[in-house]
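Visitor: Here's a sequence, model it:
(one chain, ligands or ions: 1)
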Amino acid sequence: MHRRAFRAAVVLAAVCAIAGPPAAVFAASSGPQATPAAGHTVTLKNIAFNPRKLTIRRGETVTWQWRDGIAHNVTFRGFHSRTQQSGSYSVRFAKRGTYAFHCTIHRSMTGTITVN
Ligand SMILES: [Cu+2]
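Guide: Here you go, the predicted structure:
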């Protein structure tokens, strides 16, 4: 990602903290208190998302789990987790589509959720 695009992503992250999640998302929770929902799990470890690409069905929930001991975030276009070192973040995807995400701190951390 170019430096300019990276800055734009940081600004977007700040903006969506105010705007909140889009209609595509039913429920999002964040932080150590969040209960991991039954469904799909993406682990944040070794400065990577694992798996990087995940295909789910409409209405299913994906939970990201922090296992790296360093700060990361999960940032989509329009909604995102907090930057945190542990805990989890869950999103229920109510609409079909391809949802790219990344960590704004580590440019190599990218992934995609495909909702069928
Ligand atoms: Cu990161």
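Visitor: Does E60 touch T41 like I think?
Guide: No. At 11.6 Å, E60 and T41 do not qualify as touching, with contact defined as Cβ atoms under 8 Å. C-beta coordinates here come from the backbone N, C-alpha and C atoms, glycine included.
Visitor: residue boundaries of the helices in the protein?
Guide: Taking DSSP state H as the criterion, the chain carries its helices at 3-19.
Visitor: where does it have low pLDDT?
Guide: Within the chain, the stretches with pLDDT under 70 are 1-38.
Visitor: show me where it has strands.
Guide: With strands called from DSSP state E, the chain shows them at 25-31, 40-45, 48-50, 53-56, 61-66, 75-76, 88-93, 97-102, 110-115.
Visitor: From what I see, T112 and Y99 are in contact.
Guide: Yes. Counting by Cβ under 8 Å, T112 touches Y99, with 6.8 Å between them.
Visitor: Between these two, which is the more surrounded one?
Guide: Here T112 and Y99 are compared on neighbour count by other Cβ atoms under 10 Å; more neighbours surround Y99, at 21 against 15.
Visitor: Tell me the bridge partners for that one.
Guide: Residues in a beta bridge with Y99, per DSSP bridges, are I113.
Visitor: Next: W64.
Guide: V42, Y89.
Visitor: let's have the chain start at 51 instead
Guide: OK, 51 is where the count begins now, so the last one is W114.
Visitor: show me the contacts for it.
Guide: Residues counted as contacts of W114 (Cβ atoms under 8 Å, 6 or more residues apart in numbering) are 91-94, 99, 124, 131, 138-140.
Visitor: and which of the residues you listed is nearest to the ion?
Guide: Distance from the ion was checked for each of the contacts of W114 by Cβ to the ion. The minimum falls on L94, at 7.0 Å.
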